[in-house]
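**Q** Have a look at this prediction, sequence included:
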Amino acid sequence: MTVVRKAQFLGKSAIRKGLYYHASLFGAHSRRFRRERAYILSYHSIGAENDPCFRSIGASISVARKAFERQMAYLAERYRVVSLDALLAFLSTGRAEYDDDRPLLALTFDDGYRDNYERAYPVLRRHGLTATFFLTVDCIGGDHALWQMRLRDTILNGGTGTLVIDGLAPLGLKTLKEKYQALKIIGRHLIAVPREVREETIRCLQEQTGVGNEKMLAAAMLNWEQVREMQRGGMTFGSHTLSHPSLPYIPEEEAWQEISRSKAIIEQQLDAPVLHFCYPNPTGKKNFNQRLRSMLRKAGYESAVTSQNGYVVPGDDTLEMRRKGINRGHGTLPDFYFQIEEEAIRDTWKQRRLG
């Protein structure tokens, strides 16, 4: 697609989404399809471009503070924002315990970034909303950030030399395009190795590039006192494992430790049961399977969310719940609305064509 044709396509898409959004303000699409399903939204970072860790976290998983404020104000008016516990009750019974015509929606945040406390939490409190935060436990209040953050920092802020990694061909870093290609190749390589090998590889890369901003990156994560303050303010916390691996690709015993020990540590820190889990998805591959679901049941989890796009309906497997990922590309309200309601819009038009 040429640049001109792409611009024309994006322009038409923006107009279409704008029309759908403004029509929805007047109730112009079927409530039936919205009332019989519920939504789980997935956020990561509420970022600022002048934050020194912004590039290492990744713009693709960051939402600007002003956009987030608009989104929460919109949700508070147009949806019944509930806890994951309440959403599970709806999935179990098919009934929402509210005399309210708005569809149910739960908010979730992955990874455990400090900006969730500094930027998201005040907005949630201001609008009377609750959310579940999935913590990568070994990164909370410690000396380590997510391994993906450390990898991005090492590659993107390094020089223009060549990287040498066991098991991979040499990787050039002359251009930004080559750096992002190296990130992709190395990331896919590291999901399939034990944690100790992954850590040693990152240390080796830091030595080769001369980049290793460990303290700065660790400071981008939550600490336990912030987590406890958010808990007192009505927020819920779940596990996102210890170290954010791709669970289907690591040894079974290591996966069990990631699932069970993370739960035990959060429960000890918060003196509350941890019932909800989030499968990490560091490289975009399918991040769950039947073996992992069995481990979650054994560990005592009641729900688990995936990175698979979609909504949830009564009868769905609560250890394999779909979500709607929200990122920087959904900064306008029409884009945000369409990301949530795309299927309902299509179902409405299909119903009208048929009848």
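**A** That came in fine, so what should we check first?
**Q** what about the strands in this protein?
**A** For the chain, applying DSSP state E gives strands covering 39-43, 45-47, 62-64, 80-81, 104-111, 132-135, 162-163, 171-172, 236-239, 276-278, 303-309, 321-325.
**Q** In the stretch 51-200 of the chain, where is pLDDT below threshold?
**A** 96-99 (pLDDT under 70).
**Q** mind checking the backbone torsions on the closest residue to Ile266 other than its chain neighbours?
**A** Of all residues not flanking Ile266 in the chain, Val274 sits nearest, at 4.8 Å (CB to CB, 6 or more residues apart in numbering). Where you see a C-beta, it was placed from the backbone N, CA and C, and this is true even at glycine. Per-residue torsions, Val274: phi -110, psi 110 (degrees, to the nearest 10).
**Q** Would you map out the domains in this protein?
**A** 3-143+216-354, 158-210 (automatic domain parsing).
**Q** Would you mind finding the most buried of these?
**A** Each of those was assessed for mean neighbour count using mean count of other CB atoms under 10 Å. The highest is domain 3-143+216-354, with a mean of 18.
**Q** Next, work out how far apart Ala120 and Met235 are.
**A** Per CB to CB, to the nearest Å, Ala120 is found 10 Å from Met235.
**Q** Please apply the same query to Tyr279.
**A** 21 Å.
**Q** so how far is stretch 300-311 off the chain centroid?
**A** In terms of CA atoms, centre = their mean, to the nearest Å, the centre of stretch 300-311 is set 11 Å apart from its chain centre.
**Q** Export only the CA atoms of it, formatted as CSV.
**A** The C-alpha coordinates for stretch 300-311 follow below in CSV (Å, rounded to 0.1, in the frame of the first residue of the first chain):
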residue,chain,number,x,y,z
GLY,A,300,-5.8,-21.9,43.7
TYR,A,301,-6.5,-19.2,41.1
GLU,A,302,-10.1,-18.5,40.1
SER,A,303,-9.4,-16.6,36.9
ALA,A,304,-6.7,-15.9,34.3
VAL,A,305,-6.6,-13.3,31.6
THR,A,306,-4.9,-13.7,28.2
SER,A,307,-3.7,-11.3,25.6
GLN,A,308,-6.2,-12.7,23.1
ASN,A,309,-8.4,-10.0,21.7
GLY,A,310,-12.2,-10.3,22.4
TYR,A,311,-15.0,-10.0,24.9
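**Q** And the contacts of that stretch?
**A** 37-40, 42, 84, 88, 108, 134, 239, 259, 263, 273-279, 281, 284, 286-288, 293, 296, 318-325, 343 (CB atoms under 8 Å, 6 or more residues apart in numbering).
**Q** quick one: terminal-to-terminal distance for stretch 270-278?
**A** Terminal residues of stretch 270-278 are spaced 18 Å apart (CA to CA, to the nearest Å).
**Q** got the contact list for that stretch?
**A** 84-85, 108, 110, 132, 134, 227-228, 231, 236-240, 259, 263, 266-267, 296, 300-305, 319.
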